[in-house]
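**Q** generate coordinates for the sequence data below:
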Amino acid sequence: MTAIAVSSKRPSPTKSANRGLLRLWLVWTARIGVAILVVIVSAVLALYFLDWNTMRGPVSHYLSHRLGREVRITGNLRVNLFSWQPRVDLGGLWIANPKWLDRQPAADVQHLTFEFRLLPLLFGGHWILPLVNLDHPRIDIVRQADGRSNWQFANKSEGIDFPPIQRFLLNDGSVHIEDQARHLTFAGTVSSRENEGTAKAAFQLFGTGTLNGKSFNADIRGGPLIHVDVTKPYAFNADIRAGATHAVIAGQITKPFQLGHYVARATVSGSNLSDLYDLTSLALPGTPPYRISGMLTRDGALYTLTNFSGTVGQSDLHGDASVDVSGKLPFLHATVASRTLVFSDLGPVVGQSASKAAAAKSLLPDTPLRVGRLRGTNAEVDYTADTIKSRDFPLRKLATHISLENGVLLLKPLAFEFSRGKLSGFVRIDARRPATVTSVDARLTHVRIEQFIKSAEKPLSGEVEARAVLSGVGNSVRTAAEDANGALTIVIPEGRMRQSLAEWLGVNVISALGLTISGDTSDTGLRCALAHFRAQHGLFTAQQLVFDTDPVLVTGSGDIDLRNETINMTVAGKPKHFQLLHLSVPVTIQGSLAHPTLGVKPGHAIAQAGIAAALGFLFPPAAILPFVDAGLAKNANCTALVAQAGTKSAPVKVKTPHKQARAA
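**A** Residues are numbered from 1 along each chain as shown. Predicted structure coming up:
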């Protein structure tokens with residue numbers, strides 16, 4: 001009997017359990033998928049049939065939370081999400097100012113419509129706006145003196161980045177700006193339009209109004225926005241007029257529309273460079289009419305104007321400049337030069353009025369300097385002038401470094417070169433407080449006095465050394481001079497002067513008259529001259545006044561009053577040699593600084609004549625005796641005088657004249 005074996009395989013308990021779990025997972029997945037699909041379909045149907053006006057409250061609440069201030073949708077809200085290019089339409093949008101600003105609103109838009117591309121937003125997170133349309137928006141922008149703004153952006157100095165906008169329409173917008181930090185106010189209207197079918201200047205943005213009380217107009221034009229490619233620059237042109245300032249700009253936004261990055265050719269002209277403060281917030285000096293062109297580039301918080309050139313008044317100007325606005329105050333760094341500087345063009349820098357009538361009334365400029373602006377800019381500027389044209393001074397070159405930091409302006413060094421010699425020193429203007437303090441330390445070295453005598457005949461020659469150390473309170477050159485305190489020292493250690501002039505100083509009538517009539521041009525030695533003035537509140541009083549020539553020793557006294565720009569000086573000459581006819585008549589210099597007059601003090605001459613008359617009555621030949629001078633005046637100790645001048649509050653460095661050193 002043959003045995004037959006039968007094999008039977010039973011399912012593994014583990015495999016049976018896995019199959020059960022798989023079936024269960026599939027069942028629940030199907031149920032969840034159906035549930036999700038139902039939710040999605042329900043949501044889509046709900047959104048499709050949703051009355052979006054019922055969402056105005058929640059949307060307004062969400063926007064209020066994001067902006068930190070009240071936001072209200074005041075009109076109908078219509079949204080079309082079921083499109084590759086969804087559209088949002090708001091009948092009105094109202095945005096409040098922050099709580100610290102007690103006025104409303106920050107923005108009030110009568111109607112706002114915008115569209116966006118769905119796919120770039122879903123898959124790349126990039127906004128592309130085919131349409132933005134604002135109707136009658138009213139915008140209020142406020143910045144307080146401490147820098148706090150009602151439209152505070154996290155990185156406002158870097159510029160605002162807008163997504164690509166392919167069509168931008170702005171109808172009758174109203175903008176009000178109050179910038180207390182820059183003392184700037186603007187009120188005006190803004191509109192834009194697109195000329196469809198026009199390849200050139202298809203987009204146009206217009207603005208008009210008043211900027212700090214002066215008319216303002218802006219016309220900005222660019223190519224069709226619909227063709228904007230974020231990978232390619234967007235070309236634009238701008239024509240801006242603010243009062244007498246006119247700016248013409250042609251350039252490109254390197255990455256549309258990142259407004260913090262562009263490069264352009266800019267030409268700016270106007271009646272005064274200081275007027276650019278309204279547009280740039282930079283404290284620039286007062287100037288005559290100007291015109292400057294250069295390449296303007298913005299890279300975030302850094303603006304640069306490279307290879308600029310132009311004219312200011314009759315002077316040329318060229319150089320490079322940059323402005324960094326990333327800090328609390330804008331920082332200007334520049335290297336500027338002139339091939340030829342016309343000296344009169346510096347008048348407005350110190351507040352000199354262009355009016356001839358005003359100039360005739362005062363030698364000192366009295367136009368108030370806008371020193372308050374110095375607190376809003378920091379700067380480091382180098383300026384040089386290769387040649388100088390001046391009607392009154394034999395100037396050749398100018399070089400200075402200008403530093404402005406936290407309201408303190410310092411020109412150091414400040415160096416003018418003459419044909420022979422130089423004027424150097426520094427000027428400091430401290431505008432940190434309402435009472436502006438101006439300090440000056442200026443030194444004349446190796447300057448020949450004959451350079452300042454325009455006539456062909458030079459009655460006086462010699463090297464002049466001088467020092468002025470002064471300070472005063474005032475917001476103009478005149479007011480600071482009226483309060484000037486300090487000292488002024490002028491020294492001529494040796495030189496030559498016309499013999500006849502020396503005799504007239506000694507009132508040697510016979511000799512001086514004879515030399516003058518005969519046309520004698522011979523010289524005599526000027527051993528030394530020294531004048532030292534002490535200044536107190538604008539009154540310069542002579543502490544020492546000595547003019548020592550070979551034939552005459554002249555001494556004097558008096559003062560120069562800058563408070564009313566007058567002079568009142570008296571000098572008297574004492575002969576060193578016998579004089580037969582010497583009048584004891586002190587010479588006076590009086591009147592305005594602009595037009596002083598020479599005179600004599602008659603009292604001395606009357607007394608001298610009275611004595612002569614009395615002697616003549618007693619013994620007629622003796623009448624001449626009062627007019628005879630034995631010439632007992634001695635040489636001044638010039639070495640000691642010069643040394644003493646070096647110890648005064650305005651010291652000068654003067655070498656001892658050779659002949660005086662030998663005499664000593």
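
**Q** quick check: which ranges of the stretch 451-600 of the chain have low pLDDT?
**A** Applying pLDDT under 70 to the stretch 451-600 of the chain flags the ranges 456, 499-522, 576-585, 600.

**Q** got the contact list for the residue lying closest to residue 338 once chain neighbours are set aside?
**A** Leaving aside its sequence neighbours, residue 338 sits nearest to residue 385 (Cβ to Cβ, 6 or more residues apart in numbering; 4.4 Å). In short, each C-beta sits where N, CA and C put it, glycine included. The neighbours of residue 385, taking Cβ atoms under 8 Å, 6 or more residues apart in numbering as the test, are 315, 337-341, 397-399.

**Q** return the subset of these lying in helices.
**A** Members of these lying in helices (criterion: DSSP state H): none.

**Q** okay, and which of those map to strands?
**A** Mapping the contacts of residue 385 onto strands (DSSP state E) picks out 315, 337-341, 397-399.

**Q** the strand or helix carrying residue 296 packs against which elements?
**A** Assigned by DSSP states H and E, residue 296 falls within strand 290-299. Counting contacts by 3 or more Cβ pairs under 8 Å, 6 or more residues apart in numbering; DSSP states H and E, strand 290-299 packs against strand 261-270, strand 302-312.

**Q** ok, and which of these has the densest surroundings?
**A** With neighbours taken as mean count of other Cβ atoms under 10 Å, those reach their highest mean count in strand 261-270, at a mean of 18.

**Q** quick one: that one to strand 290-299, angle?
**A** With axes from the mean of the first three to the mean of the last three Cα atoms, to 10 degrees as the basis, strand 261-270 and strand 290-299 are set at 170 degrees to each other.

**Q** kindly export the helix or strand following strand 261-270 (C-alpha atoms) in CSV.
**A** Next along the chain after strand 261-270, taking DSSP H and E as the criterion, comes helix 277-280. Taking C-alpha atoms only, helix 277-280 is exported to CSV below (Å, rounded to 0.1, in the frame of the first residue of the first chain):
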residue,chain,number,x,y,z
TYR,A,277,18.2,121.9,1.2
ASP,A,278,14.5,121.6,0.4
LEU,A,279,15.1,118.7,-1.9
THR,A,280,18.2,117.0,-0.3
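
**Q** next one: helix 277-280 to chain centre, how far?
**A** With Cα atoms, centre = their mean, to the nearest Å as the basis, helix 277-280 stands 10 Å off its chain's centre.

**Q** what does stretch 554-568 give?
**A** So, by Cα atoms, centre = their mean, the centroid of stretch 554-568 is 35 Å from its chain's centroid.

**Q** try stretch 408-423
**A** The mean C-alpha position of stretch 408-423 is separated from the chain mean by 20 Å, Cα atoms, centre = their mean.

**Q** what comes up buried for it?
**A** By 16 or more other Cβ atoms under 10 Å, the buried positions in stretch 408-423 come out as 408-411, 414-418, 421-423.

**Q** likewise for stretch 207-224?
**A** Residues of stretch 207-224 classed as buried: 207, 209, 211-212, 216, 218, 220-224 (neighbour count, 16+ other Cβ under 10 Å).

**Q** could these go into TSV alongside distance to residue 96 and pLDDT?
**A** Output for those, formatted as TSV (distance: Cβ to Cβ, whole Å; pLDDT from 0 to 100):
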residue	distance to residue 96	pLDDT
207	25	93
209	24	95
211	26	93
212	27	92
216	28	95
218	28	95
220	30	93
221	35	92
222	33	90
223	37	85
224	37	85
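
**Q** ok, those residues vs residue 167, which is closest?
**A** Nearest to residue 167 among the buried residues of stretch 207-224: residue 224, at 9.1 Å, using Cβ to Cβ.

**Q** low-confidence regions, the stretch 101-250 of the chain specifically.
**A** Within the stretch 101-250 of the chain, the stretches with pLDDT under 70 are 153-160, 196-201.

**Q** what ranges does it have for its helices?
**A** For the stretch 101-250 of the chain, the helices defined by DSSP state H, counting those that start in this stretch occupy 118-124.

**Q** quick one: the residue most central in space within the chain from residue 321, how far?
**A** Nearest residue to the geometric centre of the chain (Cα atoms, centre = their mean): residue 284, 2.0 Å. Residue 284 sits 10 Å away from residue 321, going by Cβ to Cβ, to the nearest Å.

**Q** repeat for residue 352
**A** 25 Å.

**Q** try residue 55
**A** For residue 55, the distance to residue 321 - Cβ to Cβ - is 52 Å.

**Q** which one's more surrounded, the two?
**A** More crowded of residue 55 and residue 321, by other Cβ atoms under 10 Å: residue 321, with 20 against 14.

**Q** so where do the helices sit in the stretch 301-450 of the chain?
**A** Using DSSP H, counting those that start in this stretch, helices in the stretch 301-450 of the chain cover 356-361.

**Q** then the stretch 451-600 of the chain?
**A** Using DSSP H, counting those that start in this stretch, helices in the stretch 451-600 of the chain cover 477-482, 499-505, 509-518.

**Q** so which elements touch the shortest one?
**A** Taking 3+ Cβ pairs under 8 Å, 6+ apart as the contact definition, the neighbouring helices and strands of helix 477-482 are strand 460-473.

**Q** mind listing the strands the strand it packs on pairs with, and their directions?
**A** In the sheet, strand 460-473 lines up against strand 437-448 (antiparallel), strand 485-492 (antiparallel), strand 495-498 (antiparallel) (DSSP bridges).

**Q** may I have that strand as PDB, with CA atoms only?
**A** C-alpha atoms of strand 460-473 as PDB (Å, rounded to 0.1, in the frame of the first residue of the first chain):
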ATOM      1  CA  LEU A 460      55.200 152.100   1.300                       C
ATOM      2  CA  SER A 461      56.900 148.600   1.200                       C
ATOM      3  CA  GLY A 462      57.700 146.000   3.700                       C
ATOM      4  CA  GLU A 463      56.700 142.600   5.000                       C
ATOM      5  CA  VAL A 464      53.600 142.400   7.100                       C
ATOM      6  CA  GLU A 465      52.900 139.900   9.800                       C
ATOM      7  CA  ALA A 466      49.500 139.900  11.500                       C
ATOM      8  CA  ARG A 467      47.300 137.700  13.800                       C
ATOM      9  CA  ALA A 468      43.600 138.000  14.700                       C
ATOM     10  CA  VAL A 469      42.200 135.800  17.500                       C
ATOM     11  CA  LEU A 470      38.500 136.700  17.800                       C
ATOM     12  CA  SER A 471      35.100 135.300  18.800                       C
ATOM     13  CA  GLY A 472      31.600 136.600  18.700                       C
ATOM     14  CA  VAL A 473      28.000 135.700  19.000                       C
END
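
**Q** so which of the buried residues of stretch 408-423 is the closest to residue 132?
**A** Nearest to residue 132 out of the buried residues of stretch 408-423 is residue 409 (Cβ to Cβ; 45.2 Å).
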